[in-house]
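A.B. asks: what shape does this take:
(2 chains)
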Amino acid sequence: MKFRTIAELVEIAESEEMLISEVMIQAEMEATGKSREEIFNEMSSHLDVMEEAVKRGLSEDIRSRSGLTGGNARKIQQYLESDRPLLSGRYVLEAVARATATSEVNAAMGTIVATPTAGACGILPGCIFTAAERLNSDREAMVRGLFVAGAVGFVIANNAFISGAAGGCQAEVGSATAMAAAAVVEMAGGTASESAEALAIALKNLLGLVCDPVAGLVEAPCTKRNAMGAAIAMVAGDMALAGVKSVIPPDEVIEAMYRIGRDMPVSLKETALGGLAATPTGRELERKIFGESEI
Amino acid sequence: MKYRTVFDIIGPVMIGPSSSHTAGAARIGRTARALFGRKPKKAIITFYGSFAKTYRGHGTDVAIVGGLLDFDTFDQRISRSLDIAKEQGLEVTFRTSEEVLDHPNTARVYLEDDERSMEVVGISIGGGKIEITEWNGFDIKLTGNSPALFVLHRDRFGAIASVASVLAKYKINIGFMQVSRKEKGASALMIIETDQKVGEEIQAEVAQQPDITQVSAIF
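C.D. replies: Next comes the predicted model:
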């Protein structure tokens, strides 16, 4: 049940007639010697933590210490509940609201699950809870969604990278979006290869994204990139379910992400030296937050 | 494969805001504490690369000190760790270095108390995962995922075999092993990652073998 690439993952799922989530669960049982129940319960408890963070972000008045983020999830939620016509659509915006909620809780040093990182922690819960609502999924299907996401992240992490410092935001938000896209496809009843197409379509659209956080904080633009990651994952999922295929196969997209990340200058990899961090407003905010003497 | 389990990807459960700069830092601190074997009295922490540039905003400082106090990544006390360290008599100094190292998120942790001192270098490789790359001047590679035995010995024939036979006697399986030395014939280090925990009794028996100078274990 071992897989190193997305192609191998799909191959196992198809030849064994299994869901991707099942391949991941069995691989985990083999790698750790833990029982199915133990592994499933641990993942289920992670889903609880995610649910709690989404709730907090949508109901409480969250503010980060720096004051840079907080409150946007509730704004989006209120807009959703108003009778104004939505430009993008209810479920996309719900995913965006939930992703923003989680990301704002993270910025405020609240408790979250890193998926695959804390900087990108909003995307997967944003999509999983929204897909579950849309599809009337049960709890098991949601936990299975996390295993699908885990399988995709596992391949990306071992063949490329998942941290902004190593590969830019494409490695964080890009990976999380790919993971979420594959997960919602399985939740919607899609095949393993449709999940693979969804992750390729999602990741391709985030290639080259740099990590340039204002004042070096996981806040701006991170919470909004989580929001847009969730939107991209939902749309990529729909495209794959419609039968759209990525011209470049998933593993080659991951390989491209790796090469782009290696070529990316250090100033754009979580050092707060370039990009948005280096704009006049970015620098002004940095001075306000840390004071002149500390920079 | 750097990432071994699905929970390296979906996890850890942690206090925000950054898995590499907060959760990873907490784990470097906690692993250093485990290697030291008890609560230190003094800690000097040097940050490099992205850690050096952004540690204040990410709470890397409070996280690594939280780890030194043996707090896990999701422990709410992390946010107050600098005060707790003071209360518990742990004196902490932070430094930053401009030196460019292989990995952007690197921390050097020096710990001491009245009897001993230790220095480790840890890297945070993403998603909260870490590796210890240096221990008291020896180049090593330790993930902190499994129990590990640290054996300092004279660089002579038979030392490895004698330690391995003690472990075999107690039916302890070796998962991964590395040997590192500073120069031929001088002091050497073997790190043995095991499937089972190596208890104090077995550690003591290992310490009695010829040419073994120091034994410690984590987890």
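
A.B. asks: what's near enough to touch residue 169?
C.D. replies: With no chain named, the answer covers chain A. Contacts here follow CB atoms under 8 Å, 6 or more residues apart in numbering or on different chains; on that basis A:C169 touches A:G119, A:L206, A:L209, A:V210, A:C211, A:D212, A:R225. (Each C-beta comes from the backbone N, C-alpha and C, glycine too.)

A.B. asks: helix, strand or coil: sort out the first one for me.
C.D. replies: What DSSP: H, G, I helix; E, B strand; the rest coil gives for A:G119 is coil.

A.B. asks: related to what we said a few turns ago, of the contacts of A:C169, which pair is most distant in space?
C.D. replies: Spatially, the most separated pair among these is A:L206 and A:D212, at 14.1 Å (CB to CB).

A.B. asks: please say which of the two ends up with more neighbours.
C.D. replies: The residue with more neighbours, out of A:L206 and A:D212 and counting by other CB atoms under 10 Å in any protein chain shown, is A:D212; that gives 26 against 23.

A.B. asks: ok, that one touching A:V266?
C.D. replies: No - checked against CB atoms under 8 Å, the pair A:D212 and A:V266 is beyond contact range at 11.7 Å.

A.B. asks: A:V214: neighbour count?
C.D. replies: Residues within reach of A:V214, counting by other CB under 10 Å, total 25.

A.B. asks: cool, and A:D48?
C.D. replies: The number of residues packed around A:D48, counting by other CB under 10 Å, is 11.

A.B. asks: within the helices and strands, which one has it?
C.D. replies: Per DSSP states H and E, A:D48 falls inside helix A:36-59.

A.B. asks: so what does the helix or strand just after that helix touch, helix or strand wise?
C.D. replies: Past helix A:36-59, heading to the C-terminal end, the next element that is a helix or strand (DSSP H and E) is helix A:72-81. The helices and strands touching helix A:72-81, judged by 3 or more CB pairs under 8 Å, 6 or more residues apart in numbering or on different chains; DSSP states H and E, are helix A:36-59, helix A:90-107, helix A:222-241.

A.B. asks: give me the element the residue nearest in space to the middle of chain A is part of.
C.D. replies: With distances taken as CA atoms, centre = their mean, A:A176 lies nearest the centre of chain A, 2.7 Å away. Mapping A:A176 onto the secondary structure by DSSP H and E places it in helix A:175-187.

A.B. asks: what's that helix packed up against?
C.D. replies: Contact partners of helix A:175-187 among helices and strands, from 3+ CB pairs under 8 Å, 6+ apart: helix A:20-32, helix A:123-135, helix A:139-159, helix A:192-204, helix A:222-241.

A.B. asks: right, and those helices - which one's nearest chain B?
C.D. replies: With distances scored as CB to the nearest CB, the stretch of the helices and strands packed on helix A:175-187 nearest to chain B is helix A:139-159 (3.6 Å).

A.B. asks: phi, psi of the closest residue to B:V179 other than its chain neighbours?
C.D. replies: Spatial nearest neighbour of B:V179, excluding adjacent residues (CB to CB, 6 or more residues apart in numbering or on different chains): B:M190 at 4.8 Å. Taking degrees, to the nearest 10, you get phi -120, psi 140 for the backbone angles of B:M190.

A.B. asks: what does B:M118 give?
C.D. replies: Note on B:M118: backbone dihedrals following degrees, to the nearest 10 are phi -160, psi 150.

A.B. asks: what is the burial count for it?
C.D. replies: For B:M118, the count of nearby residues is 17 (other CB under 10 Å).

A.B. asks: give the contact list for the nearest residue to B:S20 once chain neighbours are set aside.
C.D. replies: Excluding its sequence neighbours, the residue lying closest to B:S20 (CB to CB, 6+ apart) is B:S124, at 4.4 Å. Taking CB under 8 Å, 6+ apart as the definition of contact, the neighbours of B:S124 are A:163, B:20-21, B:24-25, B:27-28, B:51, B:103, B:105-107, B:130.

A.B. asks: lowest-confidence entry in those residues?
C.D. replies: Across the contacts of B:S124, the member with the lowest pLDDT is B:H103, scoring 86.

A.B. asks: ok, it touching B:I28?
C.D. replies: No - assessed by CB under 8 Å, B:H103 is found out of contact with B:I28, at 11.7 Å.
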